[in-house]
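**Q** next input, structure requested:
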Amino acid sequence: MAIKDTIEMVKDKIVHAVSPDKIILFGSQATGMATEESDIDMLVIWNSALNAHQRNMFLSRLFPGRDFSLDIFAFTNEESDKLKNVPGTILYEAFHNGIVIYG
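**A** Alright, predicted model coming up:
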């Protein structure tokens, strides 16, 4: 499967599972610097009663036995509002250099 198709499949599965407010593709896949070895980095803004670890585990478990490298980071709107302008955070990288692919 081509990487763009994989990204679309991941996005669709997340949207179907949790109805997030926003999904941002970031890292090398978003900047055009990806190689065959690059992973897929996604930030999911999802208001959930789960704690941060539980949110991340829930999303990761949507893709058992995958044949691609995927890093998913889930934050609530409140968390993202606090950290999206703090340099050096994943949220900063995603919001300032990523591509919104949903929401």
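
**Q** for this protein, what spans make up the helices?
**A** Using DSSP state H, the helices found in the chain span residues 3-18, 28-31, 52-60, 77-83, 90-97.

**Q** how far away is the residue nearest in space to the middle of the chain from I24?
**A** For the chain, the residue nearest the mean C-alpha position is M42 (1.8 Å; Cα atoms, centre = their mean). Taking Cβ to Cβ, to the nearest Å as the criterion, M42 is separated from I24 by 7 Å. Using the backbone N, CA and C atoms, a C-beta is placed for each residue, glycine as well.

**Q** equivalent analysis for M9, please.
**A** For M9, the distance to I24 - Cβ to Cβ - is 17 Å.

**Q** with I72 instead?
**A** I72 is 11 Å from I24, by Cβ to Cβ.

**Q** what's the overlap in contacts for these two?
**A** When contacts are counted by Cβ atoms under 8 Å, 6 or more residues apart in numbering, I72 and I24 are jointly contacted by M42.

**Q** looking at those two, which is more packed in?
**A** Higher neighbour count among I72 and I24: I24, with 25 against 20, using other Cβ atoms under 10 Å.

**Q** for the more buried one, give the beta-bridge partners.
**A** With DSSP bridges applied, I24 shows beta-bridge pairing to L43, V100.

**Q** wait, it touches G98, no?
**A** Yes - in terms of Cβ atoms under 8 Å, I24 counts as a neighbour of G98; the distance is 4.1 Å.

**Q** need the overlap of contacts for those two.
**A** With Cβ under 8 Å, 6+ apart, I24 and G98 have common neighbours 30, 43.
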